[in-house]
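> Dropping the sequence and predicted coords here.
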Amino acid sequence: MFLKGMETDNWRGKFAAVEAVGNMAYCAPKQILGFLPDIVKALRTVLNDTHEKVHEAALQAISKIGSVIKCPEVAELLEVIIKALGNSNLYLNDCLNALL
């Protein structure tokens, strides 16, 4: 439902859908984990949005969703991964080095 909202051309609609998905991380963390691949794919697409508010909301949503993942290996790398998703030109090499 919320993922479909990210497909709209209206930046306000995308922004609201992204915020809703991010806030769901705290309300239903176990349920979100089952849909994590679809959520991350949708948020990754929205990260390329030209509207700054949508882009920032997507970064915050990924951070919120990442915070409920209990895998220590992922938690340790979450910040560098989010930076790379937000600006691959600047942070992709750092992210790849950290992952290796």
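Right, received. Where do you want to start?
> And the pLDDT for Met1?
pLDDT recorded at Met1 is 57.
> Domain map for the chain?
The record assigns the chain these domain ranges, following automatic domain parsing: 1-69, 71-100.
> The residue lying closest to Ala16 once chain neighbours are set aside: how many residues sit nearby?
The shortest distance from Ala16 to any non-neighbouring residue, by Cβ to Cβ, 6 or more residues apart in numbering, is to Gly5 (6.7 Å). All C-beta atoms are positioned from the backbone trio N, CA, C, and that covers glycine. Using other Cβ atoms under 10 Å, Gly5 is surrounded by 17 other residues.
> For Gly5, which residues are in contact?
Gly13, Lys14, Ala16, Ala17, Ala20 (Cβ atoms under 8 Å, 6 or more residues apart in numbering).
> related to what we said a few turns ago, most tightly surrounded among the domains of the chain?
Most buried of those by mean neighbour count (mean count of other Cβ atoms under 10 Å) is domain 1-69; its value is a mean of 16.
> helix, strand or coil for Ile69?
Judged by DSSP: H, G, I helix; E, B strand; the rest coil, the three-state class of Ile69 is coil.
> Next one: it from Phe15, what distance?
Distance, Ile69 to Phe15, using Cβ to Cβ, to the nearest Å: 24 Å.
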